[in-house]
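Undergrad: Everything below, folded, please.
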Amino acid sequence: MNQKNIGKRVALHVSTLQDVILSCVASLGTILLVRWLSEPEFGFTRHLAIFVGAAAFFTLVGVLISGSSRQVRKDASSWNMRKIIGAVMIKELGLLIVMLAGWVGHQSAAHIILAFFADTFFSIGLMVYPRIIVARLRKESKEMHSIGDRINALVYGDGEASADMAESAELSGRYEVLGLISRDPAMNGKILREYVIYYVGNDKDLEALHWRLGGIDCILFPKGEGMGQGDGNMWQGPSTADVGPAPEGRMSQFGKFIKRSFDVTLSGLLLVIFSPLFLLSALIVLIDDGRPVIYKQERIGRGGKPFYIYKFRSMRKDAEAAGPVLYSGITDPRLTRSGSFMRQHHLDELPQLWNVFRGDMSFIGYRPERQFYIDRIMAANPRYRFLYQIRPGVTSYATLYNGYTDTKEKMLTRLDMDLYYLRNHSVWFDLRILGLTFLSIVGGKKF
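TA: Numbers count the residues shown, from 1 in each chain. From the prediction side, this is the model:
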């Protein structure tokens, strides 16, 4: 048997073992729930062992009969979901026989019905959820891989051939074209098919442009173009700048699974726990300044895709009638009376729990920005695009140490910190940031 077949068999066995373990956890939760809702019973430990043992046996039978372990580690297709549901139904039929026979205590009909439906719900949820998350993570990793691999490039020339090459380079997925360069001073600052043209007359101009754009990895030359007589060594590439591969996080696929599971579980739990606070906050905003209670604004998130971020409205309705303006702190004249209080205690950001639950954001990441400000950050440092590899967060490493960004300089400093987070983020780093954020809020620190 070759190595490939051995690996496939091991993967199938691991997948089957995963299903059996998750199914047993579901059954353990079920019998504890039934026990909690029933009278004290002699011999409960023995009954629990019988119930969980029967769950393991009938799950294994169900998995083998339905074939649900085949290729389950590769996708979360409807075919697999049907197989899993089939395996669970076989398990539940076996458990129903065990309960009706009285082998796990003499339960009432109501308790048997509760156990049947609860175990079905828990089993399907626990067995399906990991597949959905793993399939989504693999898809996202594939999509994000190109972002980390792209090369910062300029295209030489200010004509149609150069613009054609720039478009082809970007379509290849390998290059991030920052603009075109020209030897003609009159072309400086002009736009050709959305590409900015930069004047480069000598090595010093190119060096300055390198720092201005946050790193140039290469210059692309259209066919037949050249830098001119004696210019063959014009671009050597500064050795001191960060022009290496794009920063990528160290978090493993398992870490990403844990992170996303944590986000879904905690945000869902907090949405329920804080529901009275949601209603109270909404009522305060409504009484103070009328509708709308919820303020939504388009931000740019993972993969460079836009999404709407939700907050309780803390500013006047005409706060940005004259265009985007950065929040200037608690003394900002645009704040409403209730908004000032909510901003100080971060209550305005409670609706972002919904953003976390649905997957637009994570608890820890980088703070998402509007395209208006991203364009200005990118003009100074285009490496902002590397942040698109991860989800933006409700809080961030930069928020802890850089505070609220109300100037372009702070935005660029925050970007450096966000890139540091990207290179070093892990489950433990996230937990540390979350803990420090909690302590900062409790301690009254203003962001």
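Undergrad: Which residue would you name as the spatial centre of this protein?
TA: In the chain, the centroid-proximal residue (CA atoms, centre = their mean) is R391; its distance is 3.0 Å.
Undergrad: mind checking how far that one is from N355?
TA: Distance of R391 to N355, given as CB to CB, to the nearest Å: 9 Å. All C-beta atoms are positioned from the backbone trio N, CA, C, and that covers glycine.
Undergrad: which residues are common contacts for those two?
TA: M361 (CB atoms under 8 Å, 6 or more residues apart in numbering).
Undergrad: about what we covered before: for the closest residue to the residue nearest to the centre of the chain other than its chain neighbours, list the residues it contacts.
TA: The shortest distance from R391 to any non-neighbouring residue, by CB to CB, 6 or more residues apart in numbering, is to S362 (4.2 Å). Counting by CB under 8 Å, 6+ apart, S362 touches K259, R260, D263, V356, I390, R391, P392, G393, V394.
Undergrad: count of residues packed around the third one?
TA: In this case it means D263. By the criterion of other CB atoms under 10 Å, D263 has 23 neighbours.
Undergrad: Now that it has come up, it's in contact with F363, right?
TA: Yes: counting by CB atoms under 8 Å, D263 touches F363, with 5.8 Å between them.
Undergrad: which residues do these two both contact?
TA: Both D263 and F363 are in contact with V356, where contact means CB under 8 Å, 6+ apart.
Undergrad: Start from the N-terminal end of the stretch 151-300 of the chain and give the strands.
TA: Assigned by DSSP state E, counting those that start in this stretch, the strands in the stretch 151-300 of the chain fall at 151-156, 175-182, 191-192, 195-199, 218-220, 294-300.
Undergrad: closest one to G339 among those strands?
TA: Taking CB to CB, strand 294-300 is the member of those nearest to G339, at 9.7 Å.
Undergrad: buried residues in that closest one?
TA: Y295, R299, I300 (16 or more other CB atoms under 10 Å).
Undergrad: Over to stretch 386-401?
TA: For stretch 386-401, the buried set under the neighbour-count rule, 16+ other CB under 10 Å, comprises 386-400.
Undergrad: ok, those residues vs A87, which is closest?
TA: Distance to A87, by CB to CB, is smallest for R391 among those, at 32.5 Å.
Undergrad: so that closest one touches G365, yeah?
TA: Yes: taking contacts as CB under 8 Å, R391 lies within contact range of G365: 5.1 Å.
Undergrad: one step back: got JSON lines for the strands of the stretch 151-300 of the chain, with mean pLDDT and distance to L279 too?
TA: Below are these laid out as JSON lines (pLDDT from 0 to 100; distance: least, CB to CB, whole Å):
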{"stretch": "strand 151-156", "mean pLDDT": "84", "distance to L279": "49"}
{"stretch": "strand 175-182", "mean pLDDT": "87", "distance to L279": "46"}
{"stretch": "strand 191-192", "mean pLDDT": "88", "distance to L279": "50"}
{"stretch": "strand 195-199", "mean pLDDT": "89", "distance to L279": "49"}
{"stretch": "strand 218-220", "mean pLDDT": "86", "distance to L279": "56"}
{"stretch": "strand 294-300", "mean pLDDT": "91", "distance to L279": "13"}
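Undergrad: Could you export those strands as CSV, including distance to N80?
TA: What follows is the strands of the stretch 151-300 of the chain, written out as CSV (distance: least, CB to CB, whole Å):
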stretch, distance to N80
strand 151-156, 38
strand 175-182, 37
strand 191-192, 49
strand 195-199, 45
strand 218-220, 44
strand 294-300, 33
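Undergrad: so the residue nearest to I287 when sequence neighbours are not counted is in which element?
TA: On the basis of CB to CB, 6+ apart, the spatially nearest residue to I287 that is not a chain neighbour turns out to be S338, at 8.0 Å. Under the criterion of DSSP states H and E, S338 resides in helix 337-344.
Undergrad: which secondary structure elements does that helix contact?
TA: Counting contacts by 3 or more CB pairs under 8 Å, 6 or more residues apart in numbering; DSSP states H and E, helix 337-344 packs against helix 275-289.
Undergrad: and the helix it packs on, what does it pack onto?
TA: strand 306-312, helix 337-344.
Undergrad: switch to 6 Å and redo it
TA: Secondary-structure packing of helix 275-289 (3 or more CB pairs under 6 Å, 6 or more residues apart in numbering; DSSP states H and E): helix 337-344.
Undergrad: who touches the helix it packs on?
TA: By CB atoms under 6 Å, 6 or more residues apart in numbering, the surrounding residues in contact with helix 337-344 are I284, V285, D288, F312, S314, M315, D348.
Undergrad: Then stretch 83-91?
TA: Against stretch 83-91 from outside (CB under 6 Å, 6+ apart): F58, T59, G62, V63, I65, S66, G67, S68, S123, I124, M127, V128.
Undergrad: can you check stretch 300-317 too?
TA: Stretch 300-317 is contacted by residues 143, 281, 285, 294-299, 334-335, 339, 342-343, 348-349, 351, 354-355, 360, 368, 371, 374, 388, 391-392 when judged by CB under 6 Å, 6+ apart.
Undergrad: what's the neighbour count on the nearest residue to S68 once chain neighbours are set aside?
TA: Distance criterion CB to CB, 6+ apart; nearest residue to S68, sequence neighbours excluded, is K83 at 3.7 Å. K83 has 21 neighbours, counted by other CB under 10 Å.
Undergrad: What secondary structure category should be reported for K83?
TA: Put simply, K83 is helix when judged by DSSP: H, G, I helix; E, B strand; the rest coil.
Undergrad: and the residue nearest to R299 when sequence neighbours are not counted, which of the three is it?
TA: Distances taken as CB to CB, 6+ apart place P368 nearest to R299, at 3.8 Å, with adjacent residues excluded. Three-state assignment for P368 (three-state DSSP): coil.
Undergrad: Could you report the pLDDT at P368?
TA: Listed pLDDT for P368 reads 91.
Undergrad: pretty sure it is touching E298, no?
TA: No: taking contacts as CB atoms under 6 Å, P368 lies outside contact range of E298: 9.7 Å.
Undergrad: could you pull out the helices for the protein?
TA: Taking DSSP state H as the criterion, the chain carries its helices at 3-36, 44-66, 78-100, 109-149, 160-171, 203-212, 253-273, 275-289, 337-344, 352-358, 371-380, 397-402, 408-424, 427-442.
Undergrad: of all those helices, which lies closest to Y195?
TA: Closest among these, once you apply CB to CB, is helix 160-171, at 5.5 Å.
Undergrad: Give me the angle between that closest one and strand 195-199.
TA: Orientation check (axes from the mean of the first three to the mean of the last three CA atoms, to 10 degrees): helix 160-171 against strand 195-199 gives 120 degrees.
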